[in-house]
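> predicted model follows, preceded by the sequence.
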Amino acid sequence: KIYEDVSDLPGLEYDFVIVGGGTSGNVVANRLTENPNFSVLVLEAGVSNEGVIDSIVPFLVEGLLSGPNIYEWNYTTTPQIGLNNRTIPYPRAHILGGCSAHNGMVYTRGSADDFNRYAALTGDPGWSWDRIFPYFLKTEKWTPPADHHDTDGEFDPTVHSTDGINSVSLNGYPWPIFDHHVIQTTRELPEEFPFNLDFNSGQMLGVGWLQSSIGGGKRSTSATSYLAPKFIQRENLHVLLHAQVSKLVDPNKTNEDLTFGGVEFLQGESLFTAKATKEIILSAGSVGTPNILMHSGIGDSKALTALGIPSVLDLPSVGQNATDQPIVSAGWSVNSTQTVDSITQNMTRYDEAFAEWNRSHTGPFVEVGATHIAWVRLAADSPIFENSTDPAAGPDSPHIEISMGTGGAPNPAGHAMAMGIVVLNPTSRGSVTLQSNNPFDPPLIDPGLLKTDIDIYTAREGIKRAYRFVQAPVWQDYIIAPINALLNLSTEALDEFIRNTATPGSHLLGTAAMTAMNASWGVVDPDLLVKHTSGIRIIDLSIIPLMPSAHTQAAAYVVGERGADLVKARWE
Ligand SMILES: Cc1cc2nc3c(=O)[nH]c(=O)nc-3n(C[C@H](O)[C@H](O)[C@H](O)COP(=O)(O)OP(=O)(O)OC[C@H]3O[C@@H](n4cnc5c(N)ncnc54)[C@H](O)[C@@H]3O)c2cc1C
């Protein structure tokens, strides 16, 4: 059941208390309550997702991300050295479903190399691609696109599952000219941009059709799927909204291990404590989880003491190693009206499209306007490798993502197409730290973008590759001109463009990194237990130690699935 008021809860003691009803947290809540003997309380700071139209309608997602609003934590980054000291809004969802309820819905799993690298780094083969792959199938419910078009040749059914929980589909609204030109490019430039039937197979390189967490024309989130009515009616599952956790309380050091008596949270003006008889599970995300740990006295003891927070466990990696992917955009004005701007800049078409969505959950509002992704590698003989190590997880992993579509280009004068160029494996690192000892003050978020030579080099190369893509003959009569003529710029000027315009991908991870038990850094062990503690686990994206070459929600779902299995293995 979902509760808005703490006084309606049946009590404040449960087997498991999960902090954060976000992407991973709701997966854990669902899987643990499959066992009728386990009672679970989820504490979510944010609001209900019920009826939030900007979250439900894929095309309207920007409504949740522009400007301060109640569905957001409304964070801002620290000044970013690599972005010419700009500070940038840093979206984090404050709504049941977490970031799965306001993200871009792109569904990408990462490469087999990525997960095999996690297994090597942790010494736990359970994190390898082959062992995680069944979890991708367990979480995913492959769904026909909203327009029910023939999807033959657009994906590989053998790497998907129709039996899972969270809907994933191909685009449900066609952009025939643009779609044709992208696929034709893979024929005209097959060496550089080969067609990839399904980049979610573990082998990502090439150009493939976009897959999204959308089902029946509506966004699928961890709340709409894992907390769907048939699950939320379980008697042992309790979700409390408007409950912001401040810290873990009543620390107790017995022998080697540290335990906590409960979780303190604020609702309205009052503080309450929820107790977990088996485990406290932190699923508050890559910002929320380290924030709570540090306010509980777990972190760099010197930094905590300086803020007047009593240190209970010196774990300096908490909040460090923060990693995010920078994105730069390139746009071209085009000789076509089959573009997203033809809808957004024409109120009549916009209203018609919205009406169509309301009628039948079809039409342009069933997606966001991106259609394909190209995954490419830096050339093996790139000069940057003389001084920098290759950051990709392996030889089959991409360094650069180029996502493309007719949406997202800033071209008020006419019609346009756009590409989002992503540095997939950044080597720059940032942090999540505290500005005060008040748990309700926002933390300092430093995604640490574009601080290293190889990161800015990769962004530059990504732009060049995007321009190479549209040099395929098929684009000749379609493209009028680049919106910013980036290829004419000197290296210095191109760097300036990147530093002045790049934005964070909002894929932050690594702030409570999982490493081998005896590693010199890290926060959790490969079973996701906080090192040197007992009864506290972290199950969210913050545990992923290195960026996968992907958008990150699919990883958050499988972390939830495997994390839940690890908990069950301990207590069943
Ligand atoms: C704007 C944006 C666009 C994105 N686009 C994509 C995309 O297109 N594709 C993709 O794969 N990934 C995308 N991502 C990334 C992806 O959505 C996230 O990596 C993933 O959802 C993170 O899951 P999580 O469970 O770790 O955290 P979250 O989903 O953020 O869940 C954390 C939950 O904990 C709650 N919480 C935090 N602190 C507290 C507290 N103190 N007390 C109680 N509750 C608390 C939060 O309110 C939230 O509900 C995007 C992210 C953003 C922000």
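Structure received. Residues are numbered from 1 along each chain as shown.
> pretty sure Glu50 sits in a helix.
No: Glu50 sits outside any helix when classified using DSSP: H, G, I helix; E, B strand; the rest coil, being coil.
> just the pLDDT for it.
pLDDT for Glu50: 97.
> count of residues packed around the closest residue to the ligand within the stretch 51-200 of the chain?
Nearest to the ligand in the stretch 51-200 of the chain, going by C-beta to the nearest ligand atom, is Gly98, at a distance of 2.3 Å. The C-beta positions use only the backbone N, C-alpha and C, and glycine is treated the same way. Gly98 is flanked by 32 other residues according to other C-beta atoms under 10 Å.
> contacting residues for it?
Neighbour list for Gly98: 20-26, 46, 222, 285 [criterion: C-beta atoms under 8 Å, 6 or more residues apart in numbering].
> what's the closest non-adjacent residue to Glu154?
Nearest residue to Glu154, sequence neighbours excluded (C-beta to C-beta, 6 or more residues apart in numbering): Trp209, at 4.4 Å.
> Thr33 versus the one you found, what's the distance?
Distance, Trp209 to Thr33, using C-beta to C-beta, to the nearest Å: 35 Å.
> who are the contact partners of the nearest residue to Tyr107 once chain neighbours are set aside?
Nearest residue to Tyr107, sequence neighbours excluded (C-beta to C-beta, 6+ apart): Gln211, at 4.5 Å. By C-beta under 8 Å, 6+ apart, the contact list for Gln211 reads 106-108, 155, 168-170, 200.
> could you do Pro391 as well?
399, 425-427, 454.
> change it to 10 Å
Counting by C-beta atoms under 10 Å, 6 or more residues apart in numbering, Pro391 touches 378, 397, 399, 423-427, 452, 454-455, 458, 546-547, 549.
> and for Leu248?
Here Leu248 is in contact with 17, 19, 258-264, 273, 276, 280, 282, 292-293, 295-298, 312, 530, 533, 535-536 (C-beta under 10 Å, 6+ apart).
> which among those residues are in contact with the ligand?
Contacts with the ligand within the contacts of Leu248, counted by C-beta under 6 Å from any ligand atom: 19, 292.
> narrow the contacts of Leu248 to just the buried residues.
Buried members of the contacts of Leu248, counted by 16 or more other C-beta atoms under 10 Å: 17, 19, 258, 260, 262-264, 276, 280, 282, 292-293, 295-298, 312, 530, 533, 535-536.
> out of these, which are inside helices?
Among the buried ones among the contacts of Leu248, the members found in helices (DSSP state H) are 292-293, 295.
> count of neighbours near the closest residue to Ile543 other than its chain neighbours?
Distances taken as C-beta to C-beta, 6+ apart put Met514 closest to Ile543, at 4.3 Å, once the chain neighbours are dropped. By other C-beta under 10 Å, the residues close to Met514 number 26.
> gap between Met514 and Val559?
Met514 is 9 Å from Val559, by C-beta to C-beta.
> which neighbours do those two have in common?
Overlap of the contact sets of Met514 and Val559 (by C-beta under 10 Å, 6+ apart) consists of 127, 528, 538, 542-544.
> neighbour-wise, which of those residues leads?
Ser542 (34 neighbours).
> my read: it touches Met514, true?
Yes: taking contacts as C-beta atoms under 10 Å, Ser542 lies within contact range of Met514: 9.1 Å.
> overlap of the contact sets of these two?
523-524, 559.
> need those in JSON lines with secondary structure, can you?
Shown next, in JSON lines, are the shared contacts of Ser542 and Met514 (three-state DSSP):
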{"residue": "Val523", "secondary structure": "coil"}
{"residue": "Val524", "secondary structure": "strand"}
{"residue": "Val559", "secondary structure": "helix"}
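> sort out which one of the residues you listed lies nearest the ligand for me.
The nearest one, if we look at the shared contacts of Ser542 and Met514 relative to the ligand and count by C-beta to the nearest ligand atom, is Val559, at 7.5 Å.
> who's in contact with the closest residue to that closest one other than its chain neighbours?
Leaving out its chain neighbours, the residue that sits closest to Val559 by C-beta to C-beta, 6+ apart is Ser24, at 5.3 Å. Applying C-beta under 10 Å, 6+ apart, we find Ser24 in contact with 18, 98-100, 222, 226, 281-285, 538-543, 553, 555-561, 563-564.
> looking at those residues, which are in strands?
18, 281-282, 538 (DSSP state E).
> could you identify the most distant pair in the residues you listed?
Ile18 and Ile538 (11.0 Å; C-beta to C-beta).
> shared neighbours of those two, anything?
24, 280-284.
> can I get those residues in JSON lines with pLDDT?
What follows is the shared contacts of Ile18 and Ile538, written out as JSON lines (pLDDT from 0 to 100):
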{"residue": "Ser24", "pLDDT": "99"}
{"residue": "Ile280", "pLDDT": "98"}
{"residue": "Ile281", "pLDDT": "98"}
{"residue": "Leu282", "pLDDT": "99"}
{"residue": "Ser283", "pLDDT": "99"}
{"residue": "Ala284", "pLDDT": "99"}
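> hang on, the earlier thing: filter the contacts of Gln211 down to the ones near the ligand?
Val106.
> who's Lys253 bridged to?
Leu258 (DSSP bridges).
> what's near enough to touch it?
259, 312-313, 532-533.
> tell me which residues touch the spatially closest residue to His361 that is not a sequence neighbour, please.
Excluding its sequence neighbours, the residue lying closest to His361 (C-beta to C-beta, 6+ apart) is Gly217, at 3.2 Å. With contacts defined as C-beta under 10 Å, 6+ apart, Gly217 is in contact with 56-59, 145-147, 169, 172-173, 356-357, 360-363, 365-367.
> can you tell me which of those are in helices?
Checked against DSSP H, the contacts of Gly217 include these in helices: 56, 356-357, 360.
> of those residues, buried ones?
Buried among those by 16+ other C-beta under 10 Å: 56, 356-357.
> now distance to the ligand too, for these, in a markdown table please.
Shown next, in a markdown table, are these (distance: C-beta to the nearest ligand atom, whole Å):
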| residue | distance to the ligand |
| --- | --- |
| Ile56 | 16 |
| Glu356 | 23 |
| Trp357 | 19 |
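> list just the nearest of those residues to Arg570.
The closest of these to Arg570 turns out to be Ile56 (C-beta to C-beta; 36.6 Å).
> how about Gly522, phi and psi?
phi 110, psi 160 (degrees, to the nearest 10).
> thanks a lot, see you next time.
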